[in-house]
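Asks: sequence and predicted structure are below.
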Amino acid sequence: MLAGPGDIVGALTAVGVVQSEAQAAADAAARVLTGQGEVHTVVDLLPNGPVATLLRLQAAYADGSGAVVQRNASGAFAGTKVAAVLSRQVKVLRGELDTESFYSSAVAAGVRDTLIPEFINAFGYDFNLAADIHPGDTFEVAYEQEVNSSGEPVGQPQLLFASLTTAEKSLALYRFVAPGGEVGWYDGNGGSTKRGMMRTPVDGARITSNFGMRFHPVLHYTRLHAGVDFGVPVGTPVYAAAAGVVIGAHPTGCGGNMAVVQHDNGWVTRYFHLSHFAPGLHEGERVPQGFTLGLSGVTGTCTTGPHLHYELRINGEPVDPMSVPMNDKEKKKLEGAVLQAFIAQRNRVDVARAQQAS
Ligand SMILES: [Zn+2]
């Protein structure tokens, strides 16, 4: 029930607590209630004939702060102050790439390891975090964390902002949940990172062999390596690099289990050595960007270890998916009221970044 602090007596007598007990409990609550506004009261009662014995009274303001009143050892009511339940804080961390990996650099900067996969995903369209970053490059993250009244973190943090600056390029991205619930990453002007094609169709990828001429370790002659090899553990989800139609999903000799997707612009991507296809994956199936086509593996006779061999073909010709220009015209940009909501979110993050400037 809702009541002003002065109405607690009335609220208690209304549920059968005798006047003197109600007054004593309300007085105990009033001694620790220091906030403003209505309080929400919750009572534990022991029915006792026509009246009720009050066991416990909780009186809380909207933010959860307030008082809990119980009987002490001598039977008198005593109030205990209760702090506001939780508040949200935006925390900012900055760091520099070490010689090991982005992961170890981020952990060294104090980034919770649970935030790192989303950071990597945010940059999946623009950076290959295994190939494009070098010691001395810098990064920044801002994340939201619920904290209790003592400032201790409660629950999981949520990444809100990520930036990466290398010798070649710099990119700052904001997380935003669009109407309809789709989570995306956007530049400061509300331009989506999503575009024609993901450069890296697996998470946590490390390039183990680039596109180009090479001496093949199994076939033992020099030939074009027509794709890029990403070293990933068996069972890593393999994503459709862009929306399209599945035009192949079957075993091959050398390449093992292969999935092939034809995209709307005519480009074709091929994914090899899969341990499993997605259940029911079939030719003619329409898949969205990021759809899990299957799991990486080590199938086929031409592989020396677990990896994804990934190919991109334009007009039937293999091209290097790491270097082909991506079509920026396909970048989506937020507009109208949605853009305004994004800007409000961006500004909230930027205020925290400025306040916590190093
Ligand atoms: Zn390969």
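Replies: Looks like it came in fine. Numbers count the residues shown, from 1 in each chain.

Asks: so what does the longest helix seen in the chain touch, helix or strand wise?
Replies: When the chain is parsed with DSSP state H, its longest helix is helix 336-355. When contacts are defined as 3 or more C-beta pairs under 8 Å, 6 or more residues apart in numbering; DSSP states H and E, helix 336-355 packs onto strand 87-96, strand 138-147, strand 153-165, strand 170-177. For every residue, glycine as well, the C-beta is placed using N, CA and C.

Asks: okay, now the sheet partners of the second one, with direction.
Replies: Paired with strand 138-147 in the same sheet, following DSSP bridges, are strand 87-96 (antiparallel), strand 153-165 (antiparallel).

Asks: related to what we said a few turns ago, take the helices and strands packed on helix 336-355 and lay them out in a markdown table including distance to His225.
Replies: Output for those, formatted as a markdown table (distance: least, C-beta to C-beta, whole Å):
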| stretch | distance to His225 |
| --- | --- |
| strand 87-96 | 33 |
| strand 138-147 | 31 |
| strand 153-165 | 28 |
| strand 170-177 | 28 |
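
Asks: reformat these as TSV; add distance to Pro251, mean pLDDT and mean neighbour count.
Replies: TSV is the format used below for these (distance: least, C-beta to C-beta, whole Å; pLDDT from 0 to 100; neighbours: other C-beta atoms under 10 Å):
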stretch	distance to Pro251	mean pLDDT	mean neighbour count
strand 87-96	44	91	16
strand 138-147	41	91	20
strand 153-165	39	89	18
strand 170-177	39	92	18
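
Asks: wait, which of those is closest to the ion?
Replies: Of all the helices and strands packed on helix 336-355, strand 153-165 sits nearest to the ion, with 26.8 Å by C-beta to the ion.

Asks: chain center to stretch 116-136, what's the gap?
Replies: 15 Å (C-alpha atoms, centre = their mean, to the nearest Å).

Asks: could you look up the SS state of Leu115?
Replies: Under DSSP: H, G, I helix; E, B strand; the rest coil, Leu115 falls in the helix class.

Asks: who does the nearest residue to it once chain neighbours are set aside bridge with?
Replies: Leaving aside its chain neighbours, Leu115 sits nearest to Leu159 (4.9 Å; criterion: C-beta to C-beta, 6 or more residues apart in numbering). Beta-bridge partners recorded for Leu159 (DSSP bridges): Tyr143.

Asks: I'd say Leu159 and Thr114 touch.
Replies: No - using C-beta atoms under 8 Å, Leu159 is not in contact with Thr114, being 9.3 Å away.

Asks: who are the contact partners of the residue of the stretch 201-350 of the chain found nearest the ion?
Replies: Using C-beta to the ion, the point where the stretch 201-350 of the chain gets nearest to the ion is His309, with a distance of 3.4 Å. His309 makes contact with Gly227, Val228, Asp229, Gly255, Tyr271, Phe272, His273, Thr303 under the criterion C-beta atoms under 8 Å, 6 or more residues apart in numbering.

Asks: rewinding a little: turn the helices and strands packed on helix 336-355 into TSV, including distance to the ion.
Replies: Formatted as TSV, these follow (distance: least, C-beta to the ion, whole Å):
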stretch	distance to the ion
strand 87-96	32
strand 138-147	29
strand 153-165	27
strand 170-177	28
